[in-house]
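> Curious how this folds, go ahead:
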Amino acid sequence: MTVTLGDKLARALGLALGLGLVVATIFVAAPAGGHGGVLPASVQFEAGQDGAIAVSPTMPDPVLRAPSMRPGSHSSGSLEVSNQTGVAIAVGLRAEPSSTALDGLLAVRIESAGEVLFENTLQVLREGSEGSVELAPGESRKLSVSAWIPAEVETGYEGASVDVTLLPDYEGAR
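The predicted model follows:
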């Protein structure tokens, strides 16, 4: 049997098509890169009240709701704090999360009128914000709350669902 140039070309073309099909199948079957194939985290922040500080919105309305957090995604919201006492007070916030699942992963920033009161992890916010706003009796102030999972986080957030209650943390003004 004689092998012609046409037969050699047909075999080479068949081999190339077969290898191309194998490579294409591998790429199609590979999981999505960059966190696309995993369950996102769900985070919700609500504000809790006490007798001295009023907050708005009040529970169960959220301050911030982020049902699909992945690395690199951000969410923000705001709340208003009001001094209901007869004395000036310095008001910050502290967190009471429903779970520790996102403690070291979720970054949180709290600002008032462009001044950063807190920027660190949810875990650190359990101890309270570093900064505070001074409120005279009856005075109110809007606070902005932002939360995100840093883009460099690769794992640990998948499927986590955390509800965070932000509580006023205050002391008498100095």
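> out of everything not next to it in sequence, what's closest to Val91?
Sequence neighbours aside, Tyr170 is the residue nearest to Val91 in space, at 4.4 Å (criterion: Cβ to Cβ, 6 or more residues apart in numbering). Yep, even glycine has a C-beta here, placed from its N, CA and C like the rest.
> Could you check how far that neighbour is from Arg94?
Taking Cβ to Cβ, to the nearest Å as the criterion, Tyr170 is separated from Arg94 by 10 Å.
> Looking at the two, which is more packed in?
For Tyr170 versus Arg94, neighbours defined as other Cβ atoms under 10 Å are more numerous around Tyr170 (21 against 16).
> what's the helix or strand for that one?
Per DSSP states H and E, Tyr170 falls inside strand 161-172.
> who does that strand touch, helix- and strand-wise?
Applying 3 or more Cβ pairs under 8 Å, 6 or more residues apart in numbering; DSSP states H and E, one finds that strand 161-172 makes contact with strand 41-47, strand 53-56, strand 89-97.
> quick one: it to strand 41-47, angle?
30 degrees (axes from the mean of the first three to the mean of the last three Cα atoms, to 10 degrees).
> Relative to strand 161-172, what are the paired strands and their orientations?
Paired with strand 161-172 in the same sheet, following DSSP bridges, are strand 41-47 (parallel), strand 89-97 (antiparallel).
> What helix or strand is the spatially most central residue of the chain located in?
The residue lying closest to the centre of the chain (Cα atoms, centre = their mean) is Trp148, at 3.0 Å. Assigned by DSSP H and E, Trp148 belongs to strand 140-148.
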